[in-house]
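S.K.: Sequence and predicted structure below; questions after.
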Amino acid sequence: QVQVVESGGGLVQAGGSLRLSCAASGRTFSSYAMGWFRQAPGKEREFVATISWGGGTTAYADSVKGRFTISRDNAKNTVYLQMNRLKPEDTAVYYCAAGLFPRATMTVNGYGYWGQGAQVTVSS
């Protein structure tokens, strides 16, 4: 059974930084893409970032490009989301997702396993 567990959320002032971590277990971590999504109150879940199985391909939502960085450590079965220059509009529950395929994808349908979510709150 695949398990996905996020950590590292919290409260930060605008302009600050946070790093989210996500550990996945239950299958060969290095064979699949990983992704981050977020959901703000009253809004639908939206794509944030994705990374391919080996880390060679990444993609970002326009709203976070240049501020967020996704990376992975296959030896530790962990994916990270480094968030810099945070804005109040980044406030949301952030979900880590384990992909169904090796290549990076921005669509929800490309992911089969989801974490419980990590709250990120950015104060102005």
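M.R.: Arrived safely. The model shown is predicted, which means the values in this text are computed figures rather than measured ones.
S.K.: A59 reaches V48, doesn't it?
M.R.: No. Using CB atoms under 8 Å, A59 makes no contact with V48, being 9.9 Å away. C-betas here are computed from N, CA, C, even on glycine.
S.K.: In terms of neighbours, single out the busier of the two.
M.R.: Taking neighbours as other CB atoms under 10 Å, A59 and V48 compare with V48 leading, 26 against 17.
S.K.: Make sure I have this right: that one is in a helix.
M.R.: No. According to DSSP: H, G, I helix; E, B strand; the rest coil, V48 belongs to no helix; its state is strand.
S.K.: Please report the distance of it from S123.
M.R.: Per CB to CB, to the nearest Å, V48 is found 20 Å from S123.
S.K.: spatially speaking, which residue is in the middle of this protein?
M.R.: The centroid of the chain falls nearest to W36 when counting by CA atoms, centre = their mean (2.4 Å).
S.K.: mind checking which helix or strand that one is in?
M.R.: For W36, the host element (DSSP states H and E) is strand 34-39.
S.K.: now that strand: how far from the chain's centre is it?
M.R.: Relative to its chain's centre, strand 34-39 lies at 4 Å (CA atoms, centre = their mean, to the nearest Å).
S.K.: Sweet, I'm off.
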